[in-house]
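**Q** below are the sequence and a predicted model for it; my questions follow.
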Amino acid sequence: MALWITDECINCDVCEPECPNQAISMGPEIYRIDSDRCTECVGHFEQPQCVQLCPVDCIPVHPQHVETREQLQQRYLRLQAEQQQQPEASSRGGASALAAQAKPAEA
Ligand code: SF4
Ligand code: SF4
């Protein structure tokens, strides 16, 4: 049962960082859920985290994406496999060095 976000969403930004599958993103006006990535938190949590956190209860089950727990589990396994194939993009840096060089102008 992939979920979806209705137009009652108030863009509070709470759900997006809590999704373990990176299924939530900002749309043209409100947040949206990628039904190809939402497992209803199967594999990660007992309850859908976005539903638990949403202050306005605007995340119901998508009527066109009703799925069994088995299907959700398969999606979870697929996402995990994809994640393991991608190299970690953790090499960040350099910005602080640049910032150190760029001293603010003093009047
Ligand atoms: S139910 Fe879980 S996986 Fe689906 S959008 Fe919400 S937080 Fe993400
Ligand atoms: S938690 Fe609810 S109201 Fe807040 S951004 Fe997510 S869907 Fe919208």
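**A** Yes, it's here. Numbers count the residues shown, from 1 in each chain. Ligands and ions are numbered 1, 2, ... in the order given.
**Q** which pLDDT value belongs to residue 63?
**A** In this model, residue 63 is scored at 85, pLDDT.
**Q** tell me the secondary structure at it.
**A** coil (DSSP: H, G, I helix; E, B strand; the rest coil).
**Q** roughly how far does it sit from ligand 2?
**A** Distance of residue 63 to ligand 2, given as C-beta to the nearest ligand atom, to the nearest Å: 17 Å. In short, each C-beta sits where N, CA and C put it, glycine included.
**Q** just residue 49 next, same as before
**A** 10 Å.
**Q** who's in contact with that residue?
**A** 15, 18, 19, 20, 41 (C-beta atoms under 8 Å, 6 or more residues apart in numbering).
**Q** what's the closest of these to ligand 2?
**A** Taking C-beta to the nearest ligand atom as the measure, ligand 2 lies nearest residue 15 of the contacts of residue 49, at 3.3 Å.
**Q** which residue, other than its chain neighbours, is closest to that closest one?
**A** Nearest non-adjacent residue to residue 15, counting by C-beta to C-beta, 6 or more residues apart in numbering: residue 50, 3.9 Å away.
**Q** helix/strand/coil for the spatially most central residue of the chain?
**A** Central residue of the chain (C-alpha atoms, centre = their mean): residue 22, 3.0 Å from the mean position. Secondary structure state of residue 22, per three-state DSSP, is coil.
**Q** would you confirm that it contacts residue 36?
**A** No: using C-beta atoms under 8 Å as the test, residue 22 is too far from residue 36 to be in contact (11.3 Å).
**Q** coming back round to it: tell me which of the contacts of residue 49 is nearest to residue 29?
**A** residue 15 (15.5 Å; C-beta to C-beta).
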